[in-house]
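[1] this is a predicted model, with the sequence first.
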Amino acid sequence: MSTTSLTAARLGLVACDTCGLLSRPAGPGAAGFCRRCGSKLHGRHPNSLQNTWALAVAAAVCFLPANALPVMVTNAFGSSTPDTILGGVVFLYTSGSWPLALIVLVASFMIPLGKLIALAWLLISIHRRTHGGERQRMRLHRAVRAVGPWSMLDVFVATFTVALVQLDPLMSVEPGLGVLFFASVVVLTMLAAESLDPRLLWDLDPADIKRA
Ligand SMILES: [Zn+2]
């Protein structure tokens, strides 16, 4: 056994999620409680893979209507114009605000899409028990968790509304149905990233994966 493959799980130890203390599990069925802080111990987060898959698939399903449905409806002179996220990007770009168009494109489209792709790749690499690149995948998982709260639609709403109000103060803006789906994508990808136990990324033993 090389040093790199030496893990607490292989030594029959479990690490406390709260305080990090390594303990011997109380029994084969249930690991018991941490003797330092009293938290419930478990080898890997229970049902981590199933929960992460479910949340990631739900987020991917919501991603389609989030982009296909209007996120805001602009009312002006008795007529209302629905706008999708990408429609808003095009509008900002054509009205000369390309820096705003870029910010909205990155924050409201590319980051959520990138997170979905990253989650799918992490999950597939766990299932395929990919050797090598564990460090990069750990970094990717940390990055997905870190950008969670930053892929915000309010960036889109704020910039787009400001641009509109500058054009014509008589216009009014209402949120569209796409906002609900967009918010769902943000929340579901955040929950998926949280529910994925990163220790599964370096578990190469099939028995370890089964334990998840
Ligand atoms: Zn503890």
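    Yep, it's here.
[2] residues from the chain in reach of the ion?
    16, 18, 19, 21, 34, 36, 37, 39 (CB under 5 Å from the ion). For glycine as for every other residue, the C-beta is placed from the backbone atoms N, C-alpha and C.
[3] sec struct for the most centrally placed residue in the chain, please.
    The chain has residue 189 as the residue nearest its centroid, 2.9 Å off, counting by CA atoms, centre = their mean. Here residue 189 is helix, with the state taken from DSSP: H, G, I helix; E, B strand; the rest coil.
[4] i'd like the first residue to be 8 from this point on
    All set: I'll call the first residue 8, so the last point we hit is now residue 196.
[5] contact partners for residue 39?
    When contacts are counted by CB atoms under 8 Å, 6 or more residues apart in numbering, residue 39 touches 30, 32, 33, 48.
[6] quick revisit: filter the residues of the chain next to the ion to the buried ones?
    23, 41 (16 or more other CB atoms under 10 Å).
[7] Throw the residues of the chain next to the ion into JSON lines and include pLDDT, thanks.
    Output for the residues of the chain next to the ion, formatted as JSON lines (pLDDT from 0 to 100):
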{"residue": "23", "pLDDT": "86"}
{"residue": "25", "pLDDT": "84"}
{"residue": "26", "pLDDT": "88"}
{"residue": "28", "pLDDT": "89"}
{"residue": "41", "pLDDT": "89"}
{"residue": "43", "pLDDT": "90"}
{"residue": "44", "pLDDT": "91"}
{"residue": "46", "pLDDT": "86"}
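[8] the residue nearest to the centre of the chain against residue 118, yeah?
    No: shown here, residue 196 and residue 118 do not form a contact pair, counting by CB atoms under 8 Å, at 9.4 Å.
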